[in-house]
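**Q** okay, structure incoming, though there's no sequence with it:
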């Protein structure tokens, strides 16, 4: 029997807002894509896709409304405290090791596969 990956997620959806781009550490880059995913009944959920360094650099200009496919590992997002003082749950996010831009609102439907040029271990 073949061995399956223990932590693998594949997500296809539409980017719901402009990417959030942040610098951290010694010049490290992280880009967060908020993606709307729908099921067969058109029920919608939001998923956060995280891209680091080279991969983040390549997707930081993805536009709202673009359809994307992302593959990577699932992790729990960071919790935070809202302006009202209430603790907020960080949700579940996918740390991508591959992203394919499937098309944009401008009509370009040419898929563009984006992979990091180098594999770096991400540590917080």
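**A** Looks like it arrived, so ask away. All figures in this text were calculated on a predicted structure; none of them were measured in a lab. Residues are numbered from 1 along each chain as shown.
**Q** quick one: secondary structure of residue 42?
**A** Assigned with DSSP: H, G, I helix; E, B strand; the rest coil, residue 42 falls in the coil class.
**Q** ok, it to residue 36 distance?
**A** Separation of residue 42 from residue 36 (C-beta to C-beta, to the nearest Å): 11 Å. For glycine as for every other residue, the C-beta is placed from the backbone atoms N, C-alpha and C.
**Q** neighbour count: those two, which is higher?
**A** For residue 42 and residue 36, the more surrounded residue by other C-beta atoms under 10 Å is residue 36, and the numbers stand at 15 against 6.
**Q** distance-wise, check that one relative to residue 14.
**A** 5 Å.
**Q** shared neighbours, residue 42 and residue 36?
**A** Here residue 42 and residue 36 share no contacting residue, scored by C-beta atoms under 8 Å, 6 or more residues apart in numbering.
**Q** check contacts around residue 72.
**A** 8, 9, 49, 50, 94, 95, 96, 97, 98.
**Q** change it to 6 Å
**A** 94, 95, 96, 97 (C-beta atoms under 6 Å, 6 or more residues apart in numbering).
**Q** what does residue 88 give?
**A** With C-beta under 6 Å, 6+ apart, residue 88 has these contacts: 80, 82.
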